[in-house]
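> sequence and computational prediction follow.
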Amino acid sequence: MNKKTIIAFCTVFLGTMALLNIENGWRSKYIYIFPLPIRYNSFTIKVILIVTALIFFSAIFIKSEKTKKAAVWICTAIHCGILLAVGYGMAVGAYRIANIENERFPVKEIDLAQLEEMTDSYSGDIIFFSKAGCPDCEEAYREITEFAENYPVFINYYDCSLDKVYNMERVDKIAEKFNITQVPTVLVLEWEKATVFEYSPNMVKDFCDYIYSEAENGFYFTDYKTR
C-alpha cells in the first residue's frame, strides 16, 4: 500500500466527516428529499467510517496482496459512496431550502392507514387531530389552515370521528402511544422525537411558535415525498 493511496483515503475520510458535521449542524435539512430510500443519522455513518478506516489501516499488515487490495478497494468504495451521497444530498437540499419560501402547502386529509404509517415512521410529519361537530376543532382548523397557506409547512388532517365505530381500537392505540387525550390536538413528529400540542386557548400559537423556532434551526416540515 503506497503513500498516495493512504493520503487519498485519509482525504476522503476527513472530507466525509467534515460534511457530516456540517450536515448535523444543519439538523438534516435535506432529509426529506434525500434520493435514497433509507434513513440514517450522522452517528451511524461516523461509526461505519471509523470501522472501515480501521480495516483499511489493518490491511497494511496483511501478507496476502490479494486480500489487502480487496480490503482497500472495499473501504475506499464505502467512503467515496458516503461522501458522494451526503454531498449530493446537501447540494440538492441547499437548493430546495433556498427556494422554500416560495412554496405553500394545503392541509391534506389522511385516512387511518396513512396515520398509522406516519406515527410508525417518525418521518417529519405534522398531524392535526380533530372530529366533526367540534366547535374548538373547527376554530383550530381555520387557524392552522391559515398558517399553512402563509408559511411553508405541510400539515395532515385526521378526523377521529371517521373510525369511531369500526376502528376505535386502532385509533386508541395511537392516542395512547402519544398520550393524546382530547381533540383538537397537533402531533409533531421529528426524527426520533414527538411533540404534542393539546387543546388550550394558545394551542395554535404555541404550535406556530414551535415551527418557527425549528425552522430557525434548519428543520422544515415540508414533505416532498407526497407531492
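Structure received.
> just say helix, strand or coil for the residue sitting furthest away from the middle of the chain.
Distance from the centre of the chain peaks at residue 63, with 44.4 Å (C-alpha atoms, centre = their mean). Following DSSP: H, G, I helix; E, B strand; the rest coil, the label given to residue 63 is coil.
> what segments of this structure are helices?
3-25, 42-58, 65-98, 112-121, 135-150, 168-177, 203-216 (DSSP state H).
> buried stuff in the second one?
Same thing as helix 42-58. Buried residues in helix 42-58, defined by neighbour count with 16 or more other C-beta atoms under 10 Å: 42, 45-46, 49, 52-53, 56. No exception for glycine: its C-beta is placed from N, CA and C like everyone else's.
> what does it contact?
Defining contact as C-beta atoms under 8 Å, 6 or more residues apart in numbering, one finds that helix 42-58 is touched by 9, 13, 16-17, 20-21, 23-24, 71-72, 74-76, 78-79, 82, 86.
> ok, 6 Å please
Helix 42-58 is contacted by residues 9, 13, 20, 24, 71, 75, 78, 82 when judged by C-beta atoms under 6 Å, 6 or more residues apart in numbering.
> the last one too?
Judged by C-beta under 6 Å, 6+ apart, the contacts made with helix 203-216 from elsewhere in the structure are 140, 143-144, 147, 153, 186, 197.
> tell me the least confident of these?
The lowest pLDDT within the contacts of helix 203-216 belongs to residue 153, with 84.
> contacting residues for that one?
By C-beta under 6 Å, 6+ apart, residue 153 lies in contact with 211, 221.
> from residue 107, how far off is it?
For residue 153, the distance to residue 107 equals 10 Å [C-beta to C-beta, to the nearest Å].
> repeat for residue 85
From residue 85 across to residue 107, the span is 33 Å (C-beta to C-beta).
> same thing with residue 174?
19 Å.
> swap in residue 55?
From residue 55 across to residue 107, the span is 50 Å (C-beta to C-beta).
> with residue 152 instead?
Distance, residue 152 to residue 107, by C-beta to C-beta: 13 Å.
> and for residue 63?
According to C-beta to C-beta, residue 63 and residue 107 sit 65 Å apart.
> show me the shaky parts of this protein.
1, 22-42, 89, 92-104, 216-220, 222-227 (pLDDT under 70).
> how about a cut-off of 90?
In the predicted model, the chain carries pLDDT under 90 at residues 1-107, 120-125, 132-133, 146-154, 161-162, 164-166, 168, 189-193, 211-227.
> just the C-alphas of stretch 63-74, formatted as CSV.
C-alpha atoms of stretch 63-74 as CSV (Å, rounded to 0.1, in the frame of the first residue of the first chain):
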residue,chain,number,x,y,z
LYS,A,63,0.5,-10.6,3.9
SER,A,64,-1.7,-11.6,1.1
GLU,A,65,-1.6,-8.9,-1.6
LYS,A,66,-5.0,-10.1,-3.0
THR,A,67,-6.7,-9.8,0.4
LYS,A,68,-5.0,-6.5,1.0
LYS,A,69,-6.2,-5.0,-2.3
ALA,A,70,-9.7,-6.2,-1.7
ALA,A,71,-9.9,-4.6,1.7
VAL,A,72,-8.5,-1.3,0.4
TRP,A,73,-11.0,-1.2,-2.5
ILE,A,74,-14.0,-2.1,-0.4
